[in-house]
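In: Just the structure for this:
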Amino acid sequence: MSAPQITFCFDVISPYAWVASKRIRAFAARNGASLRAKPVLLGAILAHHGSLGPAELPAKRAYTWRDAHRCAAEHGLDLEGPARHPFNPLLALRACTRAASGDAQWKVIDALFDAGWARGADLSSPEHLANALEAAGLHAGILDAAVTPAAKTALKDNTSQAIQAGVFGVPSFLVGEELFWGNDRFAHLEAYLAGEDPIDAHRIAAQLQRPSDHRKKAPS
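Out: Below you'll find the predicted structure:
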């Protein structure tokens, strides 16, 4: 029987994805699973689903920063946060694709996540990204590779594939067609890998067929 594969969908714009990136490798090894890192563009995913990001809702933005600090501290991480947030993550995400980073993919992911979330770099700045790669002993030519058609196509394809798989937020973890969303869902993922998932697919299918009273828009 082949080992299960976990696909880790992330965007460097998310503090929760940063925390999850620190946990997922040891988790996969402990559970005998292979791991695939898939950078995706959260903005495109939210647009597809007609959703707003937490930073676009003032009350949720304020809460998210506090919650992210608690979450980071829980796992021994000191969260500084990027110099600007939200920001344009395209170059950073393209650098994180295997098309740009090759076998150094996880080193690039760590270098850029940590530069922003642990040390306060501007993850939309080519200069800051180059400095982060250099500090991690990585070749700055990775950023040159990140602007090639191959890297751009890789990120676009990753995002499209994630949407098709039902991803609506990050971090998300896919095992086959099963989706787990959020840094706080490792226990559920572990139960699934152990064959102890409590989900009854037939029951869920029946529940999804129940009628729904959609929320009406408030009168203007």
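
In: which strands and helices sit next to the helix or strand encompassing residue 109?
Out: Using DSSP states H and E, residue 109 sits within helix 105-117. Judged by 3 or more CB pairs under 8 Å, 6 or more residues apart in numbering; DSSP states H and E, helix 105-117 is in contact with helix 15-30, strand 34-39, helix 90-96, helix 98-101, helix 126-135. No exception for glycine: its C-beta is placed from N, CA and C like everyone else's.

In: so which of the ones you listed gets nearest residue 110?
Out: helix 15-30 (7.2 Å; CB to CB).

In: ok so, going back, let me know which of the helices and strands packed on helix 105-117 is tucked in deepest.
Out: Comparing the helices and strands packed on helix 105-117 by mean neighbour count (mean count of other CB atoms under 10 Å), helix 90-96 comes out on top with a mean of 26.

In: so what secondary structure elements neighbour it?
Out: Other elements packing on helix 90-96 under the criterion 3+ CB pairs under 8 Å, 6+ apart are strand 34-39, helix 105-117, helix 126-135, helix 141-146, helix 149-164.

In: Off-centre distance for the second one?
Out: Relative to the mean C-alpha coordinate of its chain, helix 105-117 is positioned 12 Å out (CA atoms, centre = their mean, to the nearest Å).

In: Can you show me the CA trace of it as PDB?
Out: What follows is helix 105-117, C-alpha atoms only, in PDB (Å, rounded to 0.1, in the frame of the first residue of the first chain):
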ATOM      1  CA  GLN A 105      11.500  24.600  -2.700                       C
ATOM      2  CA  TRP A 106      11.200  24.200   1.100                       C
ATOM      3  CA  LYS A 107      14.200  26.300   1.800                       C
ATOM      4  CA  VAL A 108      12.700  29.100  -0.300                       C
ATOM      5  CA  ILE A 109       9.300  28.700   1.500                       C
ATOM      6  CA  ASP A 110      11.000  28.900   4.900                       C
ATOM      7  CA  ALA A 111      13.200  31.800   3.900                       C
ATOM      8  CA  LEU A 112      10.300  34.000   2.600                       C
ATOM      9  CA  PHE A 113       7.700  33.000   5.200                       C
ATOM     10  CA  ASP A 114      10.300  33.800   8.000                       C
ATOM     11  CA  ALA A 115      11.500  37.000   6.500                       C
ATOM     12  CA  GLY A 116       7.900  38.400   6.500                       C
ATOM     13  CA  TRP A 117       6.300  36.800   9.500                       C
END
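
In: in that helix, what's buried?
Out: Judged by neighbour count (16 or more other CB atoms under 10 Å), helix 105-117 contains these buried residues: 105, 108, 109, 110, 111, 112, 113, 114, 115, 116, 117.

In: Same question for the longest one.
Out: If you call a residue buried by 16+ other CB under 10 Å, then helix 149-164 has these buried ones: 151, 152, 154, 155, 158, 159, 162, 163.

In: what about the closest residue to the last one other than its chain neighbours, helix or strand, and which?
Out: Taking CB to CB, 6 or more residues apart in numbering, and ignoring the residues beside it in sequence, residue 163 has residue 48 as its nearest neighbour in space, at 5.2 Å. For residue 48, the element it lies in under DSSP H and E is helix 42-49.

In: which helices and strands does the helix or strand that that helix is followed by pack with?
Out: Sequence-wise, the next helix or strand downstream of helix 42-49 (DSSP H and E) is helix 58-74. Counting by 3+ CB pairs under 8 Å, 6+ apart, the packing neighbours recorded for helix 58-74 are helix 15-30.
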